[in-house]
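Peer 1: Here is a sequence together with a model predicted from it:
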Amino acid sequence: MQRSFDGLEVEVVRGDITDQPDVEAIVNAANAELMPGGGVAGAIHRAAGPELAEECRPLAPIRPGQAVITGGHRLPNRHVIHVLGPVYGQDRPEEKLLADCYRNALRLAEENGVSSVAFPAVSAGAFGYPLDEAARVAVRTVREEASRLRGVRRVRFVLFGERELEAFRRALEEAA
Ligand code: ADP
């Protein structure tokens with residue numbers, strides 16, 4: 001599924017965020033300490049090698065909604081953009097903090113000359129954000145940022161499971 005917003009190509013695919021060789025930056029649903037852990041962060045650090053954690057150490061901790069950028073090391077991507085999503089029911093206002101993750105990641109991509117970015121479903125795993133709402137916030141925020149982006153031409157949402165894929169596909173279809 002694919003749509004274009006103000007010339008920005010937005011697509012939704014099922015897959016693994018560590019296996020997106022044709023995008024310049026992948027986004028990590030990180031923890032505050034920017035350490036490996038489980039879920040997306042564990043997979044990204046495994047694929048990137050221990051050099052990623054080393055580069056991350058001086059950048060931590062980060063706050064909910066914040067984004068920082070590193071190299072991709074052994075990943076096929078030039079950069080990893082690490083965001084800290086809100087823990088649902090704990091970090092408030094959660095909708096703004098989740099939108100901040102997408103907005104700040106796109107702005108960092110733009111500042112670093114990145115033309116394509118792949119996102120996972122930030123906060124929708126261990127952090128408990130209801131999937132449909134998380135998908136709507138993600139798509140809406142990318143849509144809102146589209147007119148501001150010059151260098152970033154392509155955004156891909158990479159969803160691990162069928163349920164996540166469906167939620168993001170619906171959110172993209174229904175986006176105004
Ligand atoms: P958070 O702590 O922000 O909730 P998680 O890593 O627990 O982040 O999960 C976020 C989403 O990423 C979940 O939908 C999970 O199924 C998915 N996910 C886990 N591993 C991968 C991967 N390798 N590629 C893409 N998505 C993944």
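Peer 2: Perfect, thanks for sending it. Numbering: from 1, shown residues only.

Peer 1: what does the protein put close to the ligand?
Peer 2: 16-18, 29, 39-41, 43, 85, 120-127, 158, 160-161, 164 (C-beta under 6 Å from any ligand atom). Every C-beta, even on glycine, is put in place using the N, C-alpha and C of the backbone.

Peer 1: now the residues you listed: which count as buried?
Peer 2: 17-18, 29, 39-41, 43, 85, 120-125, 127, 158, 160, 164 (16 or more other C-beta atoms under 10 Å).

Peer 1: Looking at the residues of the chain next to the ligand, which are in helices?
Peer 2: 39-41, 43, 164 (DSSP state H).

Peer 1: which of those sit farthest apart?
Peer 2: 41 and 164 (16.5 Å; C-beta to C-beta).

Peer 1: Would you mind writing the CA trace of the top helix by length along the chain as PDB?
Peer 2: When the chain is parsed with DSSP H, its longest helix is helix 94-111. Taking Å, rounded to 0.1, in the frame of the first residue of the first chain, the C-alpha atoms of helix 94-111 are listed here in PDB:
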ATOM      1  CA  GLU A  94       1.100  10.300  25.200                       C
ATOM      2  CA  GLU A  95      -0.300  11.300  21.800                       C
ATOM      3  CA  LYS A  96       1.900  14.400  21.600                       C
ATOM      4  CA  LEU A  97       4.900  12.500  22.700                       C
ATOM      5  CA  LEU A  98       4.300   9.800  20.100                       C
ATOM      6  CA  ALA A  99       3.800  12.400  17.400                       C
ATOM      7  CA  ASP A 100       7.100  14.100  18.600                       C
ATOM      8  CA  CYS A 101       9.000  10.900  17.900                       C
ATOM      9  CA  TYR A 102       7.900  10.800  14.300                       C
ATOM     10  CA  ARG A 103       8.300  14.600  13.800                       C
ATOM     11  CA  ASN A 104      11.700  14.800  15.400                       C
ATOM     12  CA  ALA A 105      13.000  11.700  13.500                       C
ATOM     13  CA  LEU A 106      11.900  13.300  10.200                       C
ATOM     14  CA  ARG A 107      13.500  16.600  11.100                       C
ATOM     15  CA  LEU A 108      16.800  14.900  12.000                       C
ATOM     16  CA  ALA A 109      16.700  12.900   8.700                       C
ATOM     17  CA  GLU A 110      16.200  16.200   6.900                       C
ATOM     18  CA  GLU A 111      19.100  17.900   8.700                       C
END
